[in-house]
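1. Sharing a model prediction with you, sequence too.
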Amino acid sequence: MTRFALLLFVIVALILPHHAAATIVLDQSIEQLAVTATSVVHGTVVSTRSRRTNGRWTTQVLVTVIERVKSDPAEITLLPTIGFVLPGGGDGELAQIVPGTPRFTIGEEVVIFLWRGPDSTNRLLGLSQGTFRVDRKGPAAESPAIAVSDRRQLSTFRHKPGTLPDSPTPIQEGVVVELPLTELLGRVHTAVKSLESK
(Lines give C-alpha, C1' and ligand atoms only; values in the text may rest on other atoms or scores of the structure.)
Protein backbone atom coordinates (compact mmCIF):
# COMPACT_ATOMS: atom_id res chain seq x y z
CA MET A 1 0.00 0.00 0.00
CA THR A 2 1.40 3.38 -0.93
CA ARG A 3 1.88 6.09 1.66
CA PHE A 4 -0.86 8.17 0.01
CA ALA A 5 -3.37 5.30 0.16
CA LEU A 6 -2.47 4.61 3.78
CA LEU A 7 -2.85 8.29 4.68
CA LEU A 8 -6.20 8.44 2.87
CA PHE A 9 -7.40 5.34 4.74
CA VAL A 10 -6.44 6.86 8.12
CA ILE A 11 -8.18 10.17 7.31
CA VAL A 12 -11.38 8.42 6.21
CA ALA A 13 -11.34 6.20 9.32
CA LEU A 14 -11.04 9.28 11.54
CA ILE A 15 -13.80 11.17 9.74
CA LEU A 16 -16.39 8.36 9.70
CA PRO A 17 -18.72 8.37 12.69
CA HIS A 18 -17.69 6.01 15.45
CA HIS A 19 -21.28 4.88 15.98
CA ALA A 20 -21.74 3.50 12.47
CA ALA A 21 -23.16 0.30 13.95
CA ALA A 22 -26.52 1.60 15.10
CA THR A 23 -30.03 0.22 15.33
CA ILE A 24 -32.78 2.34 13.80
CA VAL A 25 -35.94 2.80 15.87
CA LEU A 26 -39.01 5.02 15.76
CA ASP A 27 -38.39 8.31 17.59
CA GLN A 28 -40.81 8.56 20.52
CA SER A 29 -41.23 11.14 23.25
CA ILE A 30 -41.49 10.05 26.87
CA GLU A 31 -45.25 10.53 26.60
CA GLN A 32 -45.44 8.37 23.44
CA LEU A 33 -43.36 5.66 25.12
CA ALA A 34 -45.68 5.76 28.16
CA VAL A 35 -48.82 5.42 26.03
CA THR A 36 -47.39 2.66 23.80
CA ALA A 37 -45.86 0.61 26.64
CA THR A 38 -47.90 -2.11 28.31
CA SER A 39 -45.89 -1.57 31.54
CA VAL A 40 -43.66 1.17 32.90
CA VAL A 41 -41.64 0.14 35.94
CA HIS A 42 -39.28 1.97 38.29
CA GLY A 43 -37.14 -0.66 39.97
CA THR A 44 -33.79 -2.26 40.76
CA VAL A 45 -32.08 -4.92 38.62
CA VAL A 46 -31.70 -8.14 40.63
CA SER A 47 -30.50 -10.60 37.98
CA THR A 48 -29.42 -11.01 34.37
CA ARG A 49 -29.04 -14.36 32.60
CA SER A 50 -28.05 -15.04 29.00
CA ARG A 51 -28.98 -18.14 27.05
CA ARG A 52 -28.52 -19.38 23.53
CA THR A 53 -31.42 -20.91 21.60
CA ASN A 54 -31.18 -21.96 17.95
CA GLY A 55 -27.93 -20.01 17.55
CA ARG A 56 -29.35 -16.75 18.94
CA TRP A 57 -28.51 -15.19 22.27
CA THR A 58 -31.07 -13.53 24.52
CA THR A 59 -30.72 -12.08 27.99
CA GLN A 60 -33.41 -12.36 30.67
CA VAL A 61 -33.41 -9.41 33.10
CA LEU A 62 -35.30 -9.45 36.40
CA VAL A 63 -36.20 -6.19 38.19
CA THR A 64 -37.57 -5.71 41.72
CA VAL A 65 -40.41 -3.20 41.49
CA ILE A 66 -40.14 0.09 43.40
CA GLU A 67 -43.17 1.54 41.58
CA ARG A 68 -45.41 0.33 38.78
CA VAL A 69 -45.91 3.61 36.97
CA LYS A 70 -48.14 1.85 34.43
CA SER A 71 -49.46 -1.69 34.90
CA ASP A 72 -50.09 -4.25 32.18
CA PRO A 73 -53.83 -5.06 32.15
CA ALA A 74 -52.92 -8.67 31.22
CA GLU A 75 -51.16 -9.15 34.57
CA ILE A 76 -53.68 -10.71 36.93
CA THR A 77 -51.36 -10.72 39.94
CA LEU A 78 -48.88 -7.90 40.39
CA LEU A 79 -45.70 -9.63 41.53
CA PRO A 80 -42.87 -7.82 43.36
CA THR A 81 -40.60 -8.46 40.35
CA ILE A 82 -40.95 -8.18 36.59
CA GLY A 83 -38.83 -9.84 33.92
CA PHE A 84 -38.10 -8.97 30.33
CA VAL A 85 -36.00 -10.30 27.46
CA LEU A 86 -33.30 -8.47 25.50
CA PRO A 87 -31.77 -9.49 22.18
CA GLY A 88 -28.12 -10.50 22.47
CA GLY A 89 -26.04 -11.85 25.30
CA GLY A 90 -23.13 -14.16 25.96
CA ASP A 91 -21.43 -16.63 28.25
CA GLY A 92 -17.91 -15.25 28.57
CA GLU A 93 -16.58 -17.12 25.53
CA LEU A 94 -19.22 -16.32 22.92
CA ALA A 95 -21.34 -13.20 22.62
CA GLN A 96 -23.88 -11.61 20.34
CA ILE A 97 -24.10 -7.81 20.59
CA VAL A 98 -27.09 -5.91 19.23
CA PRO A 99 -26.32 -2.17 18.87
CA GLY A 100 -28.76 -0.02 20.80
CA THR A 101 -29.56 -2.76 23.32
CA PRO A 102 -28.67 -1.66 26.85
CA ARG A 103 -26.74 -3.88 29.23
CA PHE A 104 -27.96 -4.07 32.79
CA THR A 105 -25.96 -4.42 35.99
CA ILE A 106 -27.24 -6.05 39.16
CA GLY A 107 -28.10 -3.40 41.74
CA GLU A 108 -28.69 -0.50 39.34
CA GLU A 109 -31.88 1.54 39.62
CA VAL A 110 -33.84 1.91 36.36
CA VAL A 111 -37.08 3.10 34.80
CA ILE A 112 -38.07 0.77 31.95
CA PHE A 113 -40.79 0.95 29.32
CA LEU A 114 -41.94 -2.57 28.43
CA TRP A 115 -44.11 -4.01 25.69
CA ARG A 116 -45.74 -7.44 25.99
CA GLY A 117 -45.68 -9.22 22.63
CA PRO A 118 -48.12 -11.80 21.24
CA ASP A 119 -45.97 -14.53 22.84
CA SER A 120 -46.61 -12.92 26.29
CA THR A 121 -42.92 -12.01 26.64
CA ASN A 122 -42.00 -8.56 27.97
CA ARG A 123 -39.50 -6.68 25.81
CA LEU A 124 -37.96 -3.22 26.06
CA LEU A 125 -39.86 -0.67 24.02
CA GLY A 126 -37.42 1.14 21.74
CA LEU A 127 -34.37 -0.65 23.20
CA SER A 128 -32.15 2.03 24.84
CA GLN A 129 -34.84 4.64 24.17
CA GLY A 130 -37.09 2.83 26.66
CA THR A 131 -34.42 2.57 29.36
CA PHE A 132 -33.52 5.23 31.92
CA ARG A 133 -30.82 4.57 34.51
CA VAL A 134 -31.19 6.49 37.76
CA ASP A 135 -28.09 8.38 38.88
CA ARG A 136 -28.08 9.40 42.53
CA LYS A 137 -25.07 11.53 43.39
CA GLY A 138 -24.81 12.86 46.90
CA PRO A 139 -27.58 13.25 49.49
CA ALA A 140 -31.08 13.40 48.00
CA ALA A 141 -31.73 16.78 49.64
CA GLU A 142 -28.73 18.36 47.90
CA SER A 143 -28.94 16.83 44.44
CA PRO A 144 -32.01 15.24 42.89
CA ALA A 145 -31.86 11.84 41.21
CA ILE A 146 -31.24 12.12 37.47
CA ALA A 147 -32.73 9.70 34.91
CA VAL A 148 -30.33 9.02 32.01
CA SER A 149 -31.17 7.33 28.70
CA ASP A 150 -28.00 6.54 26.71
CA ARG A 151 -29.08 6.32 23.07
CA ARG A 152 -25.67 6.66 21.42
CA GLN A 153 -26.07 3.38 19.53
CA LEU A 154 -29.52 4.26 18.23
CA SER A 155 -30.61 6.22 15.21
CA THR A 156 -34.19 7.42 15.38
CA PHE A 157 -36.62 8.47 12.67
CA ARG A 158 -40.03 10.08 12.55
CA HIS A 159 -42.90 9.34 10.23
CA LYS A 160 -46.32 10.69 9.36
CA PRO A 161 -49.08 8.91 11.30
CA GLY A 162 -50.23 5.78 9.50
CA THR A 163 -47.25 5.56 7.15
CA LEU A 164 -43.71 4.28 7.34
CA PRO A 165 -41.04 5.36 4.89
CA ASP A 166 -39.45 2.69 2.68
CA SER A 167 -36.02 3.63 3.98
CA PRO A 168 -36.18 5.57 7.24
CA THR A 169 -33.99 8.64 7.40
CA PRO A 170 -32.27 8.98 10.78
CA ILE A 171 -33.12 12.30 12.36
CA GLN A 172 -31.18 11.99 15.57
CA GLU A 173 -28.05 10.04 16.36
CA GLY A 174 -25.83 9.58 19.37
CA VAL A 175 -27.78 11.37 22.08
CA VAL A 176 -27.88 10.99 25.83
CA VAL A 177 -31.15 12.20 27.39
CA GLU A 178 -30.98 13.43 31.00
CA LEU A 179 -33.76 14.79 33.19
CA PRO A 180 -34.70 14.73 36.88
CA LEU A 181 -36.26 11.42 37.92
CA THR A 182 -39.27 13.27 39.35
CA GLU A 183 -39.87 14.95 35.97
CA LEU A 184 -39.63 11.63 34.09
CA LEU A 185 -42.06 9.88 36.46
CA GLY A 186 -44.39 12.90 36.45
CA ARG A 187 -44.54 12.97 32.64
CA VAL A 188 -45.28 9.23 32.53
CA HIS A 189 -48.02 9.54 35.20
CA THR A 190 -49.62 12.44 33.28
CA ALA A 191 -49.55 10.51 29.97
CA VAL A 192 -51.04 7.40 31.60
CA LYS A 193 -53.82 9.41 33.30
CA SER A 194 -54.59 11.13 29.99
CA LEU A 195 -54.84 7.72 28.29
CA GLU A 196 -57.11 6.33 31.04
CA SER A 197 -59.48 9.32 30.83
CA LYS A 198 -60.18 8.72 27.12
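-> Received it, and whenever you're ready, just let me know what you need. These numbers were taken from a predicted model, which means no experiment stands behind them. Residues are numbered from 1 along each chain as shown.
2. going forward, measure contacts and count neighbours with C-alpha atoms only.
-> Will do.
3. where do the helices sit along the chain?
-> Using DSSP state H, the helices of the chain run over 3-15, 30-36, 181-196.
4. which residues touch the second one?
-> Counting contacts by Cα atoms under 8 Å, 6 or more residues apart in numbering, the residues outside helix 30-36 that touch it are V40, K70, F113, W115, L125, G130, L184, R187, V188, A191, V192, L195.
5. Mind listing what's buried along that helix?
-> By neighbour count on 16 or more other Cα atoms under 10 Å, the buried set for helix 30-36 is I30, E31, L33, A34, V35, T36.
6. re earlier: in terms of mean pLDDT, which of the helices of the chain ranks lowest?
-> Note on these: lowest mean pLDDT is at helix 3-15, with a mean of 45.
7. Now do the same contact list for the closest residue to L114 other than its chain neighbours.
-> Nearest residue to L114, sequence neighbours excluded (Cα to Cα, 6 or more residues apart in numbering): L124, at 4.7 Å. Contacts for L124 (Cα under 8 Å, 6+ apart) come out as F84, V85, L86, I112, F113, L114, W115, G130, T131.
8. Export those to JSON lines and append columns for distance to L154 and neighbour count.
-> Listed next are these as JSON lines, based on distance: Cα to Cα, whole Å; neighbours: other Cα atoms under 10 Å:
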{"residue": "F84", "distance to L154": "20", "neighbour count": "18"}
{"residue": "V85", "distance to L154": "18", "neighbour count": "18"}
{"residue": "L86", "distance to L154": "15", "neighbour count": "19"}
{"residue": "I112", "distance to L154": "17", "neighbour count": "27"}
{"residue": "F113", "distance to L154": "16", "neighbour count": "30"}
{"residue": "L114", "distance to L154": "17", "neighbour count": "30"}
{"residue": "W115", "distance to L154": "18", "neighbour count": "22"}
{"residue": "G130", "distance to L154": "11", "neighbour count": "26"}
{"residue": "T131", "distance to L154": "12", "neighbour count": "24"}
